[in-house]
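J.: sequence plus the predicted model coming up.
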Amino acid sequence: MSLILIIEQILNGVQFGVMLFLMASGLTLIFGVMGLINLAHGSLYMVGAFAAAGVAASSGSFLLALMAAMAAAAMAGVIMEMIVIRRLYDRDHLEQVLATFALILVFSEGTRFVFGSFPLFLDVPGVLSGPITLPGGIQYPLYRLVLIAVGLSVALGLGLFISKTRVGIQIRAGENDREMIAALGVDIAKLYTLVFALGAALAGLAGALVGAIQSVQIGMGEPILILAFVVIVIGGIGSIRGALIGSLLVGLTDTLGGIFLPELFKFFVAPDVAQTVGSALASMAIYVLMACVLIWRPTGLFGARA
């Protein structure tokens with residue numbers, strides 16, 4: 001296997017990882033600050049993708065489509081938080097799971113009613129289409145490099161927001177002791193709504209960005225939601241740094257495993273068997289990684305020790 005192919009797959013893994021981070025960062029904030037298991041977070045990813053596809057089709061502007069995706073997902077998140085989620089904070093996790101699972105069905109059927117059942121397609125903007133030549137003569141899609149840059153920029157901005165701003169300090173304090181910051185005069189309800197809107201906007205942005213390299217369809221948020229939960233378990237609940245590191249680990253493991261495990265097994269078994277066995281093990285690799293991390297550190301890589 002050539003070095004160029006290896007580098008291309010590493011870049012693909014990083015790109016997948018930073019898109020996972022946009023999902024997982026909002027999810028880990030919501031879980032860490034509110035203690036809420038939100039299965040409907042993937043639906044906000046889908047809402048962002050459909051909003052972007054619709055606005056891009058009508059306006060022809062990809063930038064406007066991204067803004068619409070974040071606004072639509074944030075608005076949907078705020079409405080969901082105020083009408084449904086706010087009533088679940090003091091409930092046990094089973095009730096949270098059942099209620100947010102019901103929201104998945106509501107969002108799916110609502111989106112189907114508005115946009116129809118057929119997939120939509122969001123085109124890569126012309127200025128970002130085509131390959132770019134990297135050092136060593138490697139040809140790689142420019143749009144995927146932009147996705148990596150956007151994801152890392154969001155990670156940096158979110159880290160600074162959480163660590164340096166007054167609102168970020170309140171979010172971190174609420175994660176540790178919500179009763180105390182409520183006693184100090186912080187409006188917990190507004191803080192929770194803000195956190196939920198921020199997480200929803202990040203999910204919508206991820207959906208819009210990924211929608212340009214795959215079809216936009218009903219139910220697209222559920223598979224990536226599972227991976228986002230794996231990410232926050234690996235990285236540690238409530239940790240932005242953990243979400244970033246966990247996302248990159250999952251992205252690289254999933255991408256490189258799918259390429260290299262079938263090649264590895266070809267040394268031991270027939271090519272067709274190697275492809276089958278290697279692909280099956282590759283799909284399990286991220287869960288094996290999660291299990292290994294939990295055995296070593298049950299709270300995740302950057303989670304607070306019990």
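T.: In hand now; what should we look at? Numbering: from 1, shown residues only.

J.: strands of the protein, start to end?
T.: In the chain, the segments counted as strands under DSSP state E are 131-134, 138-141.

J.: list the neighbouring strands of the first one plus their orientation.
T.: This points to strand 131-134. strand 138-141 (antiparallel) (DSSP bridges).

J.: could you dump the strand it pairs with to PDB, C-alpha only?
T.: The C-alpha coordinates for strand 138-141 follow below in PDB (Å, rounded to 0.1, in the frame of the first residue of the first chain):
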ATOM      1  CA  ILE A 138      -0.700  14.300  -3.000                       C
ATOM      2  CA  GLN A 139      -4.000  15.200  -4.700                       C
ATOM      3  CA  TYR A 140      -6.700  15.800  -2.000                       C
ATOM      4  CA  PRO A 141     -10.200  17.400  -2.300                       C
END
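
J.: quick one: that strand to chain centroid distance?
T.: Centre-to-centre, strand 138-141 and its host chain are 24 Å apart (Cα atoms, centre = their mean, to the nearest Å).

J.: so which residues make contact with it?
T.: Here strand 138-141 makes contact (Cβ atoms under 8 Å, 6 or more residues apart in numbering) with 4, 7, 8, 11, 130, 131, 132, 133, 134. Quick note: C-beta positions are derived from backbone N, CA and C, even for glycine.

J.: avg pLDDT for it?
T.: Mean per-residue pLDDT for strand 138-141: 87.

J.: what are the buried residues along that strand?
T.: For strand 138-141, the buried set under the neighbour-count rule, 16 or more other Cβ atoms under 10 Å, comprises 140, 141.

J.: returning to what we had before: quick one: closest of the strands of the chain to residue 117.
T.: Closest to residue 117 of the strands of the chain is strand 138-141 (Cβ to Cβ; 29.5 Å).

J.: so what does the worst-scoring helix or strand of the chain on mean pLDDT touch, helix or strand wise?
T.: Here the helix or strand of the chain ranked lowest by mean pLDDT, DSSP states H and E is helix 178-183, holding a mean of 71. Applying 3 or more Cβ pairs under 8 Å, 6 or more residues apart in numbering; DSSP states H and E, we find helix 178-183 packed against helix 166-176, helix 188-211.

J.: hey, C-alpha coordinates of stretch 2-9 in PDB?
T.: Taking C-alpha atoms only, stretch 2-9 is exported to PDB below (Å, rounded to 0.1, in the frame of the first residue of the first chain):
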ATOM      1  CA  SER A   2       1.500   3.300  -1.100                       C
ATOM      2  CA  LEU A   3       2.400   6.100   1.300                       C
ATOM      3  CA  ILE A   4       0.100   8.500  -0.600                       C
ATOM      4  CA  LEU A   5      -2.900   6.300   0.000                       C
ATOM      5  CA  ILE A   6      -2.000   6.100   3.700                       C
ATOM      6  CA  ILE A   7      -1.800   9.900   4.000                       C
ATOM      7  CA  GLU A   8      -5.100  10.300   2.100                       C
ATOM      8  CA  GLN A   9      -6.800   8.000   4.500                       C
END
